[in-house]
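Trainee: Requesting a structural model of the entry that follows:
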Amino acid sequence: MDSPVFPDVESSNSDNSAAAAAANSNSNAGAASSSSSGSTLSRYENQKRRDWNTFGQYLKNHRPPLSLSRCSGAHVLEFLRYLDQFGKTKVHTPICPFYGHPNPPAPCPCPLRQAWGSLDALIGRLRAAYEENGGKPETNPFGARAVRLYLRDVRDLQSKARGISYEKKKRKRPVQQPSSAAVPPHPQHPPEG
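Mentor: Below you'll find the model as predicted:
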């Protein structure tokens, strides 16, 4: 039996695509599901399907093999740590002279890891896929508290090590024009004198 190859969940433009290696190992299952759908799936849906297949393959190759129903947040953390070996993001250690520098001037021996943004997006897709595949939200291992805490710790560690702050983007809200029927006009008061 061939040894499994799992994806790299990073990409340079941060759309977090999985590596082709895992998609290829799951191509037979993926081909069947994509041909039966008949319609073209969005990029997000394709990525979610590949991620779901990859996680399923990880569970099959786990020793001992795991069923999805017995999967917990601890197994999800194990999977995320496993994926670090495929990472492309240099994460400086505290003893590295480039610790906290976003663009180090020279190479260093610090490890490559999965970027926090990639892991965060991966967990979001897997969380959605779990529920789409019949899982109940209250038993979703991808939404476990331990997984959320792990992602927060990875974000904080990487922001310090790489000197890059991760600030939550503010959602732009559309400007609402008040309609004359919904908002009564304000009475004009003459200035008090």
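Trainee: ok, so what distance separates the residue nearest to residue 112 when sequence neighbours are not counted from residue 41?
Mentor: Excluding the flanking residues, the one nearest residue 112 by CB to CB, 6 or more residues apart in numbering is residue 87, at 4.7 Å. (C-beta placed from N, C-alpha, C; glycine too.) Residue 87 sits 27 Å away from residue 41, going by CB to CB, to the nearest Å.
Trainee: Can you verify my assumption that the residue nearest to residue 112 contacts residue 116?
Mentor: No. Applying CB atoms under 8 Å as the test, residue 87 and residue 116 come out as separate, 10.5 Å apart.
Trainee: out of these two, which sits in the more crowded spot?
Mentor: residue 116 (22 against 18; other CB atoms under 10 Å).
Trainee: Sticking with the closest residue to that one other than its chain neighbours, tell me its helix or strand.
Mentor: In this structure, residue 116 finds its nearest non-sequential neighbour in residue 155, 4.4 Å apart by CB to CB, 6+ apart. Per DSSP states H and E, residue 155 falls inside helix 145-162.
Trainee: That helix: which residues count as buried?
Mentor: In terms of neighbour count (16 or more other CB atoms under 10 Å), helix 145-162 has its buried residues at 147, 150, 151, 154, 155, 158, 161, 162.
Trainee: Helices of the chain, residue ranges please.
Mentor: Assigned by DSSP state H, the chain shows helices spanning 20-25, 27-37, 43-61, 73-83, 116-132, 145-162.
Trainee: what's the closest of those to residue 110?
Mentor: helix 145-162 (8.0 Å; CB to CB).
Trainee: ok and the closest one relative to helix 73-83, angle-wise?
Mentor: In terms of direction (axes from the mean of the first three to the mean of the last three CA atoms, to 10 degrees), helix 145-162 departs from helix 73-83 by 30 degrees.
Trainee: Which strands or helices does helix 145-162 pack on?
Mentor: helix 73-83, strand 89-90, helix 116-132 (3 or more CB pairs under 8 Å, 6 or more residues apart in numbering; DSSP states H and E).
Trainee: and residue 90, what are its bridge partners?
Mentor: Counting by DSSP bridges, residue 90 is bridged to residue 112.
Trainee: re earlier: any idea of the mean pLDDT for the helix holding residue 155?
Mentor: On average, the pLDDT along helix 145-162 is 91.
Trainee: Can I get that helix in PDB? Just the C-alpha atoms.
Mentor: The C-alpha coordinates for helix 145-162 follow below in PDB (Å, rounded to 0.1, in the frame of the first residue of the first chain):
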ATOM      1  CA  ARG A 145     -12.900  24.800  22.100                       C
ATOM      2  CA  ALA A 146      -9.400  23.200  22.000                       C
ATOM      3  CA  VAL A 147      -9.200  23.800  18.300                       C
ATOM      4  CA  ARG A 148     -10.200  27.500  18.700                       C
ATOM      5  CA  LEU A 149      -7.600  28.000  21.400                       C
ATOM      6  CA  TYR A 150      -5.000  26.200  19.300                       C
ATOM      7  CA  LEU A 151      -5.700  28.500  16.400                       C
ATOM      8  CA  ARG A 152      -5.500  31.600  18.600                       C
ATOM      9  CA  ASP A 153      -2.200  30.400  20.100                       C
ATOM     10  CA  VAL A 154      -0.800  29.800  16.600                       C
ATOM     11  CA  ARG A 155      -1.900  33.300  15.500                       C
ATOM     12  CA  ASP A 156      -0.300  34.900  18.500                       C
ATOM     13  CA  LEU A 157       2.900  33.000  18.200                       C
ATOM     14  CA  GLN A 158       3.300  33.600  14.500                       C
ATOM     15  CA  SER A 159       2.500  37.300  14.800                       C
ATOM     16  CA  LYS A 160       5.300  37.700  17.400                       C
ATOM     17  CA  ALA A 161       7.800  35.500  15.600                       C
ATOM     18  CA  ARG A 162       7.200  37.000  12.200                       C
END
